[in-house]
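> Sequence below, structure please.
(one chain, ligands or ions: 2)
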Amino acid sequence: MSEAAPSKRLYIKTYGCQLNVYDSERMADVLRPLGYAMTDQAEGADLVVLNTCHIRDKATEKVYSELGRIKRMKARKAAAGDGVMTIAVAGCVAQAEGAEIMNRQPAVDLVVGPQAYHRLPELIARAHRQSGEALAADFTADEKFDALPAERAATGVAAFLTVQEGCDKFCTFCVVPYTRGAEYSRPLDAVLAEAEQLAAQGVREVTLLGQNVNAYAGEGGLSGLVRRLAHIPGLARIRYTTSHPKDMDEALIAAHGEVEALMPYLHLPVQAGSDKVLRAMNRAHTADSYLRLIEKIRAARPDMALSGDFIVGFPGETEADFQATLKLVAEVGYASAFSFKYSRRPGTPAASMPGQVDEDVKEDRLARLQALLNDQQAAFNQACVGRALPVLFERPGRKPGQVVGRSPYLQPVHIEGSESLIGEIRSVAIGSAGRGSLTGALVANPRLEPA
Ligand code: SAM
Ligand code: SF4
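Ligands and ions are numbered 1, 2, ... in the order given. Below you'll find the model as predicted:
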């Protein structure tokens, strides 16, 4: 990825002690990957930071009078059509006065205390969103971490339907809030109309997509949307991905117990099992709150298959922290999962955190985590052997005479059978299981549902 973003001008005025001088340097370091280069002139700068000091009585008043001067520069820059000047107040006055600064001087876009300099990228992005400024184009999207999940290619029978984009969560490792912008939800009517069209073309299953799909803010929220979709003739199965634990509300959990078309498979990333790491990731949940959430979900839908995302080797992660991830995984029991080594994305807060973990330690932890997750997936699949599962057939198999479909738990299921089954949901007796798929035979019965 490139760090050579088009240069933006950063002016930092430092008041007070040596500590502030050091902090100003740190702020410049955090902002450099975002394309900010230091300038010694406030006039015309894209970002002005006043790194303040509280030590003397008049210090606060001095800051306000300086802000008055900078406010006029901001107005001049805007009038010249030279873009937006973002004004930040940092340091001890920021700590002491907090948001009061923005009340007294509305030209200030953000206030950041000394404990939160690593969050500057987030705060600047939020300020830009509020002022309607375009997205920072400084991050090259990484397909692995930026793209929407696509666990399989869409076919004629199962289709993806994007309902939400963007992210307001600002996990400290992630580029998505910068590359994709603020959370946005498509209106309910537009989504329903598209789903009806898909169903009219023979689509039997839709997977609702969004970076934070369960933050869907159209009328009725995601649970309302699911309930409406369930009434569309022909549409037999509904899935959604990816969800954030914070947005998993009671109404959505209840829908899992009540809406038959809503499939018992949930991708609910936790990332890590240590609260210290989760805090540093800015995940807004703890290991315990996640486990309690899983309990509630399983109370509503006991056979729920769970999937997750995990990051190993986040800055500061110790062996004990990593053990907490293994413990959480052991407690949950996942049906499938995605796990990654932490990858340093310049410009994200975590990239400049201390305690970056060595590559070989990351490798080792990833291997141990994946061994456990693979065992769980194999056990989940094995537990399906001997059961009859409803399978939606989607496509011909690789071998002639084979057709492949999906179980409610998203497992691929192979059988010997005719392509005329594609688009139908039939009961399949599961005979054997591999790590990634199941094999079975049609139960001698008529179609499970007339559509
Ligand atoms: N919004 C979803 C969520 O919060 O769960 C996931 C979106 S992200 C595109 C997909 C996954 O990529 C994340 O859940 C995380 O596990 C992984 N990821 C993102 N940034 C990463 C990074 N810098 N290093 C390693 N893994 C990362
Ligand atoms: Fe990235 Fe976190 Fe947003 Fe998911 S919730 S897209 S991991 S910032």
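> how about the strands in the stretch 151-300 of the chain?
158-162, 164-165, 184-185, 205-209, 237-241, 265-267 (DSSP state E, counting those that start in this stretch).
> With respect to ligand 1, which of those strands lies nearest?
strand 265-267 (7.9 Å; CB to the nearest ligand atom). Every C-beta, even on glycine, is put in place using the N, C-alpha and C of the backbone.
> rewinding a little: looking at the strands of the stretch 151-300 of the chain, which is closest to residue 55?
strand 184-185 (44.5 Å; CB to CB).
> coming back round to it: so which of the strands of the stretch 151-300 of the chain gets nearest ligand 2?
So among these, strand 164-165 is nearest, using CB to the nearest ligand atom, at 10.4 Å.
> How about that closest one and ligand 2, touching?
No. If you take CB under 6 Å from any ligand atom as the test, strand 164-165 misses ligand 2, and the best it gets is 10.4 Å.
> quick revisit: now the strands of the stretch 151-300 of the chain as JSON lines including mean pLDDT?
Shown next, in JSON lines, are those (pLDDT from 0 to 100):
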{"stretch": "strand 158-162", "mean pLDDT": "91"}
{"stretch": "strand 164-165", "mean pLDDT": "91"}
{"stretch": "strand 184-185", "mean pLDDT": "92"}
{"stretch": "strand 205-209", "mean pLDDT": "95"}
{"stretch": "strand 237-241", "mean pLDDT": "97"}
{"stretch": "strand 265-267", "mean pLDDT": "97"}
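> Generate TSV for those strands, with mean neighbour count and distance to residue 196 as supplementary columns.
Formatted as TSV, the strands of the stretch 151-300 of the chain follow (neighbours: other CB atoms under 10 Å; distance: least, CB to CB, whole Å):
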stretch	mean neighbour count	distance to residue 196
strand 158-162	19	11
strand 164-165	22	19
strand 184-185	18	18
strand 205-209	23	11
strand 237-241	24	14
strand 265-267	23	24
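> got the contact list for the residue lying closest to residue 208 once chain neighbours are set aside?
Of all residues not flanking residue 208 in the chain, residue 240 sits nearest, at 4.0 Å (CB to CB, 6 or more residues apart in numbering). The neighbours of residue 240, taking CB atoms under 8 Å, 6 or more residues apart in numbering as the test, are 207, 208, 209, 210, 213, 214, 222, 226.
> what's the answer for residue 192, then?
Taking CB under 8 Å, 6+ apart, one finds 225, 228, 229, 232 in contact with residue 192.
> tell me which of those is nearest to ligand 2?
residue 225 (19.6 Å).
> Quick check, the closest one in contact with residue 191.
Yes. Under the criterion of CB atoms under 8 Å, residue 225 makes contact with residue 191 at 6.3 Å.
> More neighbours: which of these two?
Legend: neighbour count by other CB atoms under 10 Å for residue 225 and residue 191, higher for residue 225 (28 against 22).
> Redo the strands of the stretch 151-300 of the chain as CSV? Include distance to residue 53.
Shown next, in CSV, are these (distance: least, CB to CB, whole Å):
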stretch, distance to residue 53
strand 158-162, 48
strand 164-165, 42
strand 184-185, 40
strand 205-209, 48
strand 237-241, 48
strand 265-267, 48
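> which residues does residue 315 contact?
Residue 315 neighbours (CB under 8 Å, 6+ apart): 280, 342, 350, 353, 354, 355, 356, 357.
> and the stretch 1-150 of the chain, which residues reach ligand 2?
Counting by CB under 6 Å from any ligand atom, the stretch 1-150 of the chain has no residue next to ligand 2.
> which stretches of the stretch 1-150 of the chain form strands?
Assigned by DSSP E, counting those that start in this stretch, the stretch 1-150 of the chain shows strands spanning 8-14, 36-38, 47-52, 86-90, 110-112.
> in the second one, what counts as buried?
Right, strand 36-38. Within strand 36-38, the residues scored as buried using 16 or more other CB atoms under 10 Å are residue 36.
> and that strand, which strands flank it?
strand 8-14 (parallel) (DSSP bridges).
> who touches the partner strand?
Against strand 8-14 from outside (CB under 8 Å, 6+ apart): 20-21, 24, 27-28, 31, 34-42, 44-51, 66.
> Now list the buried members of these.
Buried among the contacts of strand 8-14 by 16+ other CB under 10 Å: 20, 24, 27, 31, 34-36, 39, 42, 45-51, 66.
> tell me the SS of the residue in the stretch 301-450 of the chain that ligand 1 sits nearest to?
Closest contact between the stretch 301-450 of the chain and ligand 1, by CB to the nearest ligand atom, is at residue 309 (3.3 Å). Following DSSP: H, G, I helix; E, B strand; the rest coil, residue 309 is assigned to strand.
> any idea how far residue 339 is from it?
Note on residue 309: its distance to residue 339, by CB to CB, to the nearest Å, is 7 Å.
> Same question for residue 303.
With CB to CB as the criterion, residue 303 and residue 339 are 24 Å apart.
> can you tell me which residues contact residue 312?
By CB under 8 Å, 6+ apart, the neighbours of residue 312 are 322, 325, 339, 340, 341, 342, 362, 365, 366, 369.
> for the closest residue to residue 93 other than its chain neighbours, what are its contacts?
Spatial nearest neighbour of residue 93, chain neighbours left out: residue 52 (3.7 Å); criterion: CB to CB, 6+ apart. Going by CB under 8 Å, 6+ apart, residue 52 touches 15, 16, 20, 59, 60, 63, 89, 90, 91, 92, 93, 94.
> what about 7 Å?
15, 59, 63, 89, 90, 91, 92, 93, 94 (CB atoms under 7 Å, 6 or more residues apart in numbering).
> The last one - nearest residue in space that isn't next to it in sequence?
Nearest non-adjacent residue to residue 94, counting by CB to CB, 6+ apart: residue 111, 4.7 Å away.
> Just give me the neighbour total for that neighbour.
Neighbour tally, residue 111, other CB under 10 Å: 21.
> give the contact list for it.
Here residue 111 is in contact with 89, 94, 98, 99, 101, 102 (criterion: CB under 7 Å, 6+ apart).
> Show me which of the residues you listed is closest to ligand 1.
Using CB to the nearest ligand atom, these come closest to ligand 1 at residue 99, 27.4 Å.
> For this structure, which segments count as helices?
18-31, 59-79, 91-97, 100-104, 120-130, 143-146, 176-179, 188-200, 221-229, 250-258, 275-280, 287-300, 319-332, 359-382 (DSSP state H).
> Where among those helices is average confidence lowest?
Confidence, taken as mean pLDDT, is least for helix 143-146 of the helices of the chain (a mean of 59).
> near ligand 1, from the contacts of residue 315?
The subset of the contacts of residue 315 lying close to ligand 1, counting by CB under 6 Å from any ligand atom, consists of residue 342.
> So how do I select the buried members of the contacts of residue 315 in PyMOL?
Selecting only the buried entries of those in PyMOL, with 16+ other CB under 10 Å as the criterion:
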select buried, resi 280+342+350+353+356+357
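> Could you list the low-pLDDT ranges of the stretch 301-450 of the chain?
445-450 (pLDDT under 70).
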